[in-house]
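K.L.:
based on what follows, work out the 3D shape:
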Amino acid sequence: MQEKMTKKFTVEEPFWDIFPDVHIAVLVAKGIDNSDYGRVPKDLLAKANKTALKWVPDARISANPVVADWREAFRKFKTKKGARCAVENLLKRAANDKGVGHINPAVDMYNSVSLDWAFPIGGEDLDNIDGDIRLTVARGGEKFWPISEADGEAQEALPGEVIYADDHSVLTRCLAWRDSARAEATENSHNIIFYMENINPERAEDHQKAMDELKQKIHDYFGVDATSWIVSRDNPSIEVY
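P.N.:
Presented below is the predicted three-dimensional model:
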């Protein structure tokens, strides 16, 4: 009998040296149909774009506390020029009345939760992950093929940059700022891992509520009961697949 292959999600010590108090919600949804756009409400993102406005009442985006928290976090590690936390980009679009647009059902779903709660959320196709997933600090030179540039020349992570990576290459740069084309969640994805970081311990309750909302939406929209964990320095590694 062939031994079942497993995948782990591990946050490595160099990350904890920078962010000892971060908690990461991890959810895995198996067997979803991400090609049926009728699974998510048509007004899902429109409502979430409106909800997001409560997080950015100040016209100067960096003055809003949830954005200021992440601006400060991004000063603690090496970033590519212009990189901002993923949730800042979403909130900025909502505040500028541009709105976050549709991509595919799973991405629309987690973007709606991100807008509702002002936490960054990433999603990857587990079937395209090579080995284990690691949240760590780059040595420098790790390869990365960004979305929309899969056939182009690879980028390289910077020394000291915080990255998600597997055994093949970088999955996202600057935490969940930009996704890899190799493992992005697409219409053809059936098994997806979601992760959501919280850098502010005072927002622990909101973080839990955001995880619960994402889990409920996975159930309501895809008919799947997701498995969830909270990863912390005291619980830095989990088996996800």
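K.L.:
pLDDT weak spots in this protein?
P.N.:
1-5, 149-151 (pLDDT under 70).
K.L.:
now with 90, please.
P.N.:
1-6, 82, 147-153, 176, 178, 241 (pLDDT under 90).
K.L.:
so which residue is dead centre in it?
P.N.:
Taking C-alpha atoms, centre = their mean as the criterion, G122 is the residue nearest the geometric centre of the chain, at 1.7 Å.
K.L.:
is it true that that one touches A176?
P.N.:
Yes - counting by C-beta atoms under 8 Å, G122 does reach A176; the two are 3.7 Å apart. Using the backbone N, CA and C atoms, a C-beta is placed for each residue, glycine as well.
K.L.:
what touches both of the two?
P.N.:
Common contact partners of G122 and A176 (C-beta atoms under 8 Å, 6 or more residues apart in numbering): A86, Y164, Y195.
K.L.:
for this structure, what's the longest helix?
P.N.:
Longest helix in the chain, counting residues (DSSP state H): helix 204-222.
K.L.:
go through stretch 62-75 and flag the buried ones.
P.N.:
Buried positions in stretch 62-75, judged by neighbour count with 16 or more other C-beta atoms under 10 Å: N64, V66, V67, D69, W70, A73, F74.
K.L.:
quick one: contacts of it?
P.N.:
19, 55-58, 61, 83-85, 87-88, 91, 118, 120, 174, 199-200.
K.L.:
do the same with stretch 121-132
P.N.:
Looking at what lies outside stretch 121-132 - C-beta under 8 Å, 6+ apart - the contacts are 7-10, 28, 30, 86-87, 106-107, 110-111, 113-114, 133, 164, 166-168, 171-172, 176, 179-180, 182-186, 189-196, 214, 240-241.
K.L.:
show me these that map onto helices.
P.N.:
Among these, DSSP H puts A86, V87, A106, V107, Y110, N111, V113, S114, L214 in helices.
K.L.:
including neighbour count, could those go into CSV?
P.N.:
As requested, the ones in helices among the contacts of stretch 121-132 are arranged in CSV below (neighbours: other C-beta atoms under 10 Å):
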residue, neighbour count
A86, 23
V87, 25
A106, 26
V107, 22
Y110, 24
N111, 24
V113, 23
S114, 25
L214, 27
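K.L.:
let's have these in CSV, adding distance to W145.
P.N.:
Output for the ones in helices among the contacts of stretch 121-132, formatted as CSV (distance: C-beta to C-beta, whole Å):
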residue, distance to W145
A86, 18
V87, 23
A106, 20
V107, 18
Y110, 21
N111, 22
V113, 26
S114, 23
L214, 27
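K.L.:
closest to R139 out of these?
P.N.:
Among the ones in helices among the contacts of stretch 121-132, A86 lies closest to R139 (C-beta to C-beta), at 23.2 Å.
K.L.:
so the closest one touches R173, yeah?
P.N.:
No - using C-beta under 8 Å as the test, A86 is too far from R173 to be in contact (10.6 Å).
K.L.:
as JSON lines, the shared contacts of G122 and A176 with distance to D43 would be great.
P.N.:
Shown next, in JSON lines, are those (distance: C-beta to C-beta, whole Å):
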{"residue": "A86", "distance to D43": "23"}
{"residue": "Y164", "distance to D43": "31"}
{"residue": "Y195", "distance to D43": "26"}
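K.L.:
just those residues now: which is nearest W229?
P.N.:
Y195 (9.8 Å).
K.L.:
residue contacts, the closest one?
P.N.:
Counting by C-beta under 8 Å, 6+ apart, Y195 has contacts F9, I24, A25, V26, L27, I121, G122, G123, Y164, A176.
K.L.:
what is the nearest of those to D234?
P.N.:
Nearest to D234 among the contacts of Y195, with distances taken as C-beta to C-beta, is I24, at 12.3 Å.
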